[in-house]
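Student: Sequence plus the predicted model coming up.
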Amino acid sequence: MATHHTKMLIIGSGPAGYSAAIYGARAMLEPIVVQGLQPGGQLTITTDVENYPGYREVVQGPWLMEEMKAQAEHVGTRMMWDTIVSVDLEGGAPFKAIGDSGDEYIGETLVICTGAQAKWLGAPGEQELGGKGVSACATCDGFFYRGKKVAVIGGGNTAVEEALYLTNHSDDVTLIHRRDELRAEKILQDRLMKSPKISTLWNKTVKSFEAGEDGALHHLVLEDTETGETSKLEVDGAFVAIGHAPATELFKGKLAMDESGYLDVEPGTPKTAIPGVFAAGDVTDHVYRQAVTAAGMGCMAALDGERFLAAREDAEEAVSEAAE
Ligand code: NDP
């Protein structure tokens with residue numbers, strides 16, 4: 001068991017965490033990134049990425065994350081294979097976190113980049129066909145279904161937005177919802193109803209995702225929640241959009257969060273209510289949820305962390321000068 005001190009402790013290793021690390025390291029803050037259970041974050045479970053700026057060809061999600069990690073290390077970040085299991089934010093900076101390894105991490109600033117995870121249905125075939133027709137992100141993968149038949153599962157804002165987004169690529173989008181009424185905001189519902197490219201299947205749940213001979217998704221098996229009848233829907237792509245869960249368990253009772261568990265920050269900034277504690281990426285953002293926006297927020301958090309430390313140093317100097 002060891003104690004690690006740093007000017008910037010970063011929890012989480014997706015685009016937000018690595019970007020915060022790159023900026024923090026270049027500001028000589030010698031950041032530590034505690035990588036967590038899924039080093040590299042959500043992009044490590046996607047395949048093709050073609051919306052991250054800087055690459056004219058398609059790149060692979062896991063490769064992109066390895067590059068970000070290598071870049072962060074190259075400029076001086078210390079990477080830890082550990083998962084934070086508790087944090088102590090009381091009394092302000094420095095902040096203390098304990099890892100699964102038993103190691104203790106002390107940060108003069110804390111940048112929380114623990115991300116979020118898409119919720120899955122848990123139906124047979126769903127995980128096996130991930131990347132082969134089943135996805136949880138239309139903005140990321142919709143393009144690959146140009147001119148094909150797609151379905152979106154869910155009835156909230158995300159599901160309706162994803163269905164609308166998919167009409168940019170496909171003329172045949174089916175929204176499948178388990179009830180006969182959507183949870184999505186009225187304005188989105190109106191847009192959905194007006195779209196000639198979207199049809200809606202009410203009171204249906206997906207029982208399984210079935211592959212064709214080529215090993216890719218071929219059809220969904222649906223069950224009617226009222227009659228119990230099953231039916232088949234042939235689709236090339238299915239987008240599960242039943243919500244995301246931010247990884248904020250660690251911060252319950254310690255930091256303010258909204259009713260879905262996303263960390264509250266001062267609007268337009270990564271600042272939480274505790275000076276020196278910042279949140280960046282999907283852990284605080286349920287609207288954009290993109291690698292590039294998370295990276296941008298990680299950068300903002302590091303810059304604000306640097307400013308926080310500089311302001312504290314100035315204040316300490318002023319106090320000691322006054323005492324002389
Ligand atoms: P929500 O929790 O709002 O909606 C989830 C949807 O999935 C619900 O319709 C729910 O059905 C359905 N669902 C949940 N579990 C299952 C299941 N096991 N089987 C079938 N269906 C299921 O999640 P969203 O991701 O849509 O939104 C999360 C938050 O982000 C919300 O606060 C939302 O308003 C916000 N958001 C805002 C946006 C914006 O402002 N533009 C865009 C996207 C999200 P049921 O209705 O029956 O419970």
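Tutor: Thanks, I have it. Numbering: from 1, shown residues only.
Student: From here on, just use CA atoms for contacts and neighbour counts.
Tutor: Noted.
Student: Not counting its neighbours along the chain, what's nearest Thr6?
Tutor: By the measure of CA to CA, 6 or more residues apart in numbering, the closest residue to Thr6 outside its immediate chain neighbours is Gly107, 5.0 Å from it.
Student: do the same with Thr272
Tutor: Using CA to CA, 6+ apart, the closest residue to Thr272 is Val265 (4.5 Å).
Student: Where do the strands of the stretch 101-250 of the chain begin and end?
Tutor: Taking DSSP state E, counting those that start in this stretch as the criterion, the stretch 101-250 of the chain carries its strands at 104-112, 116-118, 134-135, 149-153, 172-176, 198-201, 204-211, 217-224, 230-234, 237-240, 244-246.
Student: re the thing from before, can you count the residues close to the residue nearest to Thr6?
Tutor: By other CA atoms under 10 Å, 23 other residues sit near Gly107.
Student: I'd like the distance between it and Pro39.
Tutor: Taking CA to CA, to the nearest Å as the measure, Gly107 and Pro39 are separated by 20 Å.
Student: Dump the strands of the stretch 101-250 of the chain to JSON lines, plus mean pLDDT.
Tutor: Compiled in JSON lines, these are given as follows (pLDDT from 0 to 100):
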{"stretch": "strand 104-112", "mean pLDDT": "98"}
{"stretch": "strand 116-118", "mean pLDDT": "89"}
{"stretch": "strand 134-135", "mean pLDDT": "95"}
{"stretch": "strand 149-153", "mean pLDDT": "98"}
{"stretch": "strand 172-176", "mean pLDDT": "98"}
{"stretch": "strand 198-201", "mean pLDDT": "98"}
{"stretch": "strand 204-211", "mean pLDDT": "98"}
{"stretch": "strand 217-224", "mean pLDDT": "98"}
{"stretch": "strand 230-234", "mean pLDDT": "98"}
{"stretch": "strand 237-240", "mean pLDDT": "98"}
{"stretch": "strand 244-246", "mean pLDDT": "91"}
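Student: would a markdown table of those strands with distance to the ligand be doable?
Tutor: Output for the strands of the stretch 101-250 of the chain, formatted as a markdown table (distance: least, CA to the nearest ligand atom, whole Å):
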| stretch | distance to the ligand |
| --- | --- |
| strand 104-112 | 19 |
| strand 116-118 | 8 |
| strand 134-135 | 14 |
| strand 149-153 | 7 |
| strand 172-176 | 8 |
| strand 198-201 | 12 |
| strand 204-211 | 6 |
| strand 217-224 | 11 |
| strand 230-234 | 15 |
| strand 237-240 | 8 |
| strand 244-246 | 5 |
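Student: and the residue nearest to Thr272, what pLDDT?
Tutor: Looking at Val265, its pLDDT is 98.
Student: how far away is it from Ala280?
Tutor: Distance of Val265 to Ala280, computed by CA to CA: 9 Å.
Student: In its sheet, which strands sit next to the helix or strand bottoming out on mean pLDDT in the chain, and in what direction?
Tutor: For the chain, the helix or strand with the lowest mean confidence is strand 48-49, at a mean of 77 (criterion: mean pLDDT, DSSP states H and E). The strands that strand 48-49 pairs with in its sheet are strand 59-60 (antiparallel) (by DSSP bridges).
Student: State the next helix or strand along the chain beyond the strand it pairs with.
Tutor: Next along the chain after strand 59-60, taking DSSP states H and E as the criterion, comes helix 61-74.
Student: Would you mark the buried spots in the lengthiest helix in the chain?
Tutor: Looking only at the chain and at elements set by DSSP state H, the helix with the highest residue count is helix 291-323. By 16 or more other CA atoms under 10 Å, the buried positions in helix 291-323 come out as 291-306, 308-309.
Student: Point out the other helices and strands that it packs with.
Tutor: Using 3 or more CA pairs under 8 Å, 6 or more residues apart in numbering; DSSP states H and E as the contact criterion, the neighbours of helix 291-323 among helices and strands are helix 15-26, strand 104-112, strand 277-279.
Student: how about the nearest residue to His4, chain neighbours excluded?
Tutor: Taking CA to CA, 6+ apart as the measure, His4 lies nearest to Tyr105, with 4.8 Å between them; neighbours along the chain are not counted.
Student: beta partners of the one you found?
Tutor: When bridges are called by DSSP bridges, Tyr105 pairs up with His4, Ala97.
Student: Next: Asp88.
Tutor: Bridge pairing for Asp88 - DSSP bridges - gives Lys96.
Student: does it really touch Lys96, like I thought?
Tutor: Yes. Contact between Asp88 and Lys96 holds when scored by CA atoms under 8 Å: they sit 5.1 Å apart.
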